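# Quick one, structure for this:
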Amino acid sequence: MKKKILFLSAVFLLFSVVSVSIPVSASPQDTKFSKGSVFLTGQIGLNSLSATDDPFEQMQFPLGASFEFSLSDNIGIGSTIMYDKWSDYLGCFCGKYTFKVYKPSLDLIYHLNVGEAQGLDFFTGINLGYTFVSVNNELGNEDISGLKDEIYAAPLMGAHFYFWENASSFFNRVMITAKAGWSVTGDFSGIFGLIGITFKLR
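Here you go, the predicted model:
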């Protein structure tokens, strides 16, 4: 499990570094989505990933990051990784179970570029990923939750909000990003929301 997580994290970082190193002609002052744009987002989930009935010691918000590189003025490709943690007794006297969930994905994004919308970039797309579940029992008992590693697909939609589009220097690269999606497969299926801060690297 740890080796898989480390491998996927390394792939995420490698993809980010390689994409940033690709030479592009986009202007650094152009905050609209366009070919060659590179975005990095730190984000929190607005709902828990918990998939047990009576969780406690939950993280208030799942944590994660997304990276995107634009292949054209409308199409982007990137990756996301999310992390959540909670505990549960699973209705038995067998000690506390602690669950850790890692969700890396490949992201395919289409930017709508609706008219001349000032300060807005609407997009839709899909996350194609894998959920890794790590379970630990304080007494060393076997996991009886039934949760397992699984493939997932999650159609999504969202928007970048450019509140400081006409600012100079650092602030004209900063955006608020909101996403809503629906994970359609497995034990962790359901509607989710994300909100974060996006920085345009180029």
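# Once you drop chain neighbours, what's closest to N113?
Once flanking residues are discounted, N113 sits nearest to N74: 6.2 Å by CB to CB, 6 or more residues apart in numbering. Backbone N, C-alpha and C define where each C-beta goes, glycine included.
# could you list every residue that touches the one you found?
110-113 (CB atoms under 8 Å, 6 or more residues apart in numbering).
# Of those residues, which is the most crowded?
When neighbours are taken as other CB atoms under 10 Å, the top entry among the contacts of N74 is H111 (22 neighbours).
# so what's it up against?
Neighbours of H111 in contact, by CB under 8 Å, 6+ apart: 33, 70, 73-76, 121-123.
# TSV for the residues you listed, including pLDDT?
TSV is the format used below for the contacts of H111 (pLDDT from 0 to 100):
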residue	pLDDT
F33	78
S70	93
D73	86
N74	90
I75	95
G76	96
D121	88
F122	92
F123	95
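# Among those residues, name the buried ones.
33, 70, 76, 121, 123 (16 or more other CB atoms under 10 Å).
# so which strand or helix has M175?
Counting by DSSP states H and E, the element that carries M175 is strand 174-183.
# neighbouring strands for that strand, and are they parallel or not?
strand 150-161 (antiparallel), strand 190-200 (antiparallel) (DSSP bridges).
# any chance you could map the strands in this protein?
Using DSSP state E, the strands of the chain run over 38-45, 63-70, 75-88, 97-111, 120-137, 150-161, 174-183, 190-200.
# I'd like those strands as a markdown table, with distance to T52 appended.
Formatted as a markdown table, these follow (distance: least, CB to CB, whole Å):
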| stretch | distance to T52 |
| --- | --- |
| strand 38-45 | 17 |
| strand 63-70 | 19 |
| strand 75-88 | 4 |
| strand 97-111 | 7 |
| strand 120-137 | 10 |
| strand 150-161 | 15 |
| strand 174-183 | 16 |
| strand 190-200 | 14 |
